[in-house]
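Peer 1: mind folding the following:
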Amino acid sequence: MNPSDPPSPPRRFVPLEHIMEELSISYSQAPALVRSGQLRAIKVGGRGVWRVSLDAFEDFSAERYAETAAMVAESQT
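Peer 2: Sure thing, here's the model as predicted:
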């Protein structure tokens, strides 16, 4: 990459493997999150490769934080 090249736009979608890495979860856990409806994803291409939008991942993370906060608050009462 040449330093004078314009920066590439940020990625909008990432492979499911990226999510697995970010969450430190197994290969079977990641698709299970998608199938359960907890994590929104799309299948693209002829082989049906999963992609997750970074916005959907942020929403998923925020929901898990809220659930955890509620669980902690409930356990303190």
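Peer 1: biggest strand in the chain by residues?
Peer 2: If you go by DSSP state E, the chain has its longest strand at strand 49-53.
Peer 1: partners of it in the sheet?
Peer 2: Partner strands for strand 49-53, per DSSP bridges, with pairing direction: strand 13-15 (antiparallel), strand 42-44 (antiparallel).
Peer 1: write down the beta-bridge partners of the closest residue to residue 15 other than its chain neighbours, one by one.
Peer 2: Closest residue in space to residue 15, ignoring its immediate chain neighbours: residue 51 at 6.3 Å, by C-beta to C-beta, 6 or more residues apart in numbering. Any C-beta I mention is one placed from the backbone N, CA and C, and that applies to glycine too. Per DSSP bridges, the residues bridged to residue 51 are residue 15, residue 42.
Peer 1: test my guess that residue 49 contacts residue 17.
Peer 2: No - contact between residue 49 and residue 17 fails when scored by C-beta atoms under 8 Å: they sit 9.9 Å apart.
Peer 1: look up which helix or strand the residue positioned nearest the centre of the chain falls in, please.
Peer 2: Most central residue of the chain, judged by C-alpha distance to the mean C-alpha position with C-alpha atoms, centre = their mean, is residue 57 at 3.4 Å. Using DSSP states H and E, residue 57 sits within helix 54-75.
Peer 1: which helices and strands does that helix pack with?
Peer 2: Using 3 or more C-beta pairs under 8 Å, 6 or more residues apart in numbering; DSSP states H and E, the elements in contact with helix 54-75 are strand 13-15.
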